[in-house]
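Student: Here is my input; please provide its structure:
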Amino acid sequence: MRVALAQLISATDSAVNRATIRDQLSALTSTDELDLVVLPEGAMHDFGSPELDLTAIAEPLDGPFVDLIAAEARRLSATIVAGMFERTDGLPFNTLVVVGPDGALRQTYRKIHLYDSFGYRESDRLRAGEISPVVVDIAGRPVGLMTCYDLRFPEHARSLIDAGAEAIVIPAAWVAGEHKLDHWRTLLSARAIENTVHVLAAAQGGDRYTGHSLVVDPWGSIVDEADLAPQLIRATLDPEVLTRARETNPSLANRRILHTP
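Tutor: Presented below is the predicted three-dimensional model:
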């Protein structure tokens, strides 16, 4: 599976962000034969200050942001995963949309674990999604979806593996701060190692966020990594790497303590 991760620096202006996404993805073409393109959490609109009313800027699933993602998916003949704030009759959802190569909305994942941590309360501004693993088939491979703070909950990743995922996609706006880059790298590698899967993490860059979008293989090795600037990173996920990792390190098969809902 051929993938590209787009690291962005989103603004608090949805029209500007759509133009930025269009410009950044213009470096990709259908001749790249990509299967998957991943944009960060908040690609539609930055979180902004805690006083910003996200209800006012949230969009429906048939709004201009998803229309743009659909147009780019058709242009690239690839599936695109991107983060937005989804309008509801109350607080918005922090939603990942999955748009197929034909431009059709195939799936949504609404962030389960809201970032009420490190002095911030995401639950004051957004509502949590239903507690249910979301796995979608992309180019014949089952891919699980998580968003940012979900990364800190290993049971979430494991639920995706139990639902069949062979790769995990994690769009994020990982807030910068002391220890945060170490946590980001360590947790991404840990989720890859303990579940023997590829992990694809597309992040927001710039001053507010940690950046460092990453592709991690099932051994926990970093395949490619961005810095803080807007950037595209690419990788090819070889299913044989996953097969060999699971044969050598059969920790999933060796489990004796299984989760029972």
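Student: how about the helices in the protein?
Tutor: Secondary structure of the chain (DSSP state H): helices at 14-25, 54-57, 64-76, 154-162, 180-195, 239-248.
Student: Show me what counts as buried in the fifth one.
Tutor: Buried positions in helix 180-195, judged by neighbour count with 16 or more other C-beta atoms under 10 Å: 184-185, 187-195. Placement of C-beta: from N, CA and C, glycine included.
Student: ditto for the second one
Tutor: For helix 54-57, burial by neighbour count (16+ other C-beta under 10 Å) applies to 54, 57.
Student: what do you get for the first one?
Tutor: Of the residues in helix 14-25, 14, 17-18, 20-21, 24-25 count as buried by neighbour count, 16+ other C-beta under 10 Å.
Student: out of those, what pair is the most spread apart?
Tutor: Ser14 and Leu25 (16.4 Å; C-beta to C-beta).
Student: which ones are touching the nearest residue to Ala229 once chain neighbours are set aside?
Tutor: In space, and not counting its chain neighbours, Ala229 is closest to Gly205: 5.9 Å by C-beta to C-beta, 6 or more residues apart in numbering. The contact partners of Gly205, taken as C-beta atoms under 8 Å, 6 or more residues apart in numbering, are 7-9, 211, 213, 226-231.
Student: Next: Leu61.
Tutor: Applying C-beta under 8 Å, 6+ apart, the residues contacting Leu61 are 86, 95, 97, 105, 108.
Student: Need the pLDDT of it.
Tutor: Predicted confidence (pLDDT) at Leu61: the value is 98.
Student: That one and Leu187: what is the separation?
Tutor: 29 Å (C-beta to C-beta, to the nearest Å).
Student: Quick check: Ser30 vs Val37, distance?
Tutor: From Ser30 to Val37 the distance is 12 Å (C-beta to C-beta).
Student: Check the contact lists of these two and give me the overlap.
Tutor: With C-beta under 8 Å, 6+ apart as the test, Ser30 and Val37 both reach Leu76.
Student: Look at those two and report which has more neighbours.
Tutor: Val37 (26 against 12; other C-beta atoms under 10 Å).
Student: so what's the more buried one up against?
Tutor: Counted by C-beta under 8 Å, 6+ apart, Val37 has contacts 3-6, 25, 28, 72-73, 76, 78-81.
Student: can you pull up the bridge partners for it?
Tutor: Following DSSP bridges, Val37 is listed with bridge partners Ala4, Ile80.
Student: change the start of the numbering to 9 and stick with it
Tutor: Got it, the first residue is 9 from now on, which makes the last one we talked about Val45.
Student: And it, how far from Ile88?
Tutor: 5 Å.
Student: okay, and the common contacts of those two?
Tutor: Common contact partners of Val45 and Ile88 (C-beta under 8 Å, 6+ apart): 80-81.
Student: Correct me if wrong: Pro150 contacts Ile169.
Tutor: No: counting by C-beta atoms under 8 Å, Pro150 does not reach Ile169; the two are 9.7 Å apart.
Student: Counting neighbours, go ahead and name the busier of the two.
Tutor: More crowded of Pro150 and Ile169, by other C-beta under 10 Å: Ile169, with 20 against 16.
Student: sorry, back to before: Gly127: which of the contacts of Gly213 is nearest?
Tutor: Gly219 (20.5 Å).
Student: Contact partners for that closest one?
Tutor: 15, 211-213, 234-237.
Student: one more time with 6 Å, if that's ok
Tutor: By C-beta atoms under 6 Å, 6 or more residues apart in numbering, Gly219 lies in contact with 211, 213, 236.
Student: with the buried residues of helix 188-203 in mind, which one is nearest to Arg133?
Tutor: Trp192 (22.2 Å).
Student: What's the separation between the closest one and Ser18?
Tutor: 18 Å.
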